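Enquirer: Need a 3D model of the sequence below.
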Amino acid sequence: MAAFFVTSTGTDIGKTYVTAGLLRCLRREGASAIKPVASGFTAETAAASDPVVLLEAMGEAVSEDTLARISPWRFAEPLSPDMAAAREGRVIDYDALIEFCRAGVMRANGPCFVEGVGGVMVPLDARHTVRDWMAALGLPVVLVVGSYLGTISHTLTALDVLARARLRIAALVINESRGSGVPLDETISTLRRFVGAVPIAGLGREAGEEQFRRLWHQLCGQA
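Expert: Numbers count the residues shown, from 1 in each chain. Got it, this is the predicted structure:
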């Protein structure tokens, strides 16, 4: 069954929004997701946290067991994972992280999404970044970017970093940034001139099921 790694150029760009949208429109197909590493997770913020959003999109009850099943490395501080873990006297076991993801993909009964944390080059520990994590899994990548001023440079930099690791981009998703004065269609048009054959999908504000369904059809062609 198809599996993808969802990453981004940074935090709060829309990884969880895109992943949850795909989960909701693919629920009948048994779609699932894991968000192994999450920072900024506390009792006060849990209801709006990425792991809870994903569980709700899958139609699953939120409990300590279900949270542990999809997101075992949760940290309170809203920092990069290495920093957030250090604040709690912990270290992310990188090998265990890779095995956890492989097991999650193997047991999936439908489309599976592994959602990363932060951006492409965010540190996980003293030696590994999210890019290393993606390279170890070798899954096709869904790169979620914004339409804010500056996104073109950030996007092309991320694509170059991913290409150096020989990672295949299944889709470049431009998620319309709230409050941005840059038109989404102009951002897409500009990026098309630079990204070669990389498939591009644009998601407007409050994207509906049809937009996510079209995105899924694009991904199916790249799986």
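
Enquirer: For stretch 214-223, C-alpha coordinates in CSV please.
Expert: Provided in CSV are the C-alpha atoms of stretch 214-223 (Å, rounded to 0.1, in the frame of the first residue of the first chain):
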residue,chain,number,x,y,z
ARG,A,214,-7.2,15.7,-6.5
LEU,A,215,-4.0,15.8,-4.5
TRP,A,216,-4.4,12.1,-3.7
HIS,A,217,-4.7,11.3,-7.4
GLN,A,218,-1.5,13.2,-8.0
LEU,A,219,0.2,11.2,-5.3
CYS,A,220,-1.1,7.9,-6.7
GLY,A,221,0.7,8.7,-9.9
GLN,A,222,4.0,9.0,-8.0
ALA,A,223,3.7,6.2,-5.5
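
Enquirer: Give me the contact list for it.
Expert: Identification of contacts with stretch 214-223 by C-beta atoms under 8 Å, 6 or more residues apart in numbering yields 2, 4, 18, 21-22, 25-26, 111, 140, 142, 168, 170-171, 173, 199, 201, 203. Using the backbone N, CA and C atoms, a C-beta is placed for each residue, glycine as well.

Enquirer: Kindly report the same for stretch 37-56.
Expert: 15-16, 19-20, 23, 33, 35, 61-62, 66-67, 70-71, 73-81, 84, 92, 97, 115-118, 124.

Enquirer: for stretch 88-96, same thing?
Expert: The contact list for stretch 88-96, computed with C-beta under 8 Å, 6+ apart, reads 37, 73, 75-77, 81-82, 85, 124-125, 127-128, 132-133.

Enquirer: where's that stretch relative to the chain centroid, distance-wise?
Expert: Offset of stretch 88-96 from its chain centre (C-alpha atoms, centre = their mean, to the nearest Å): 20 Å.

Enquirer: buried sites along that stretch?
Expert: Neighbour counts over stretch 88-96 (16 or more other C-beta atoms under 10 Å) mark 92, 94 as buried.

Enquirer: Quick one: end-to-end length of it, please.
Expert: Stretch 88-96 has an end-to-end distance of 18 Å (criterion: C-alpha to C-alpha, to the nearest Å).
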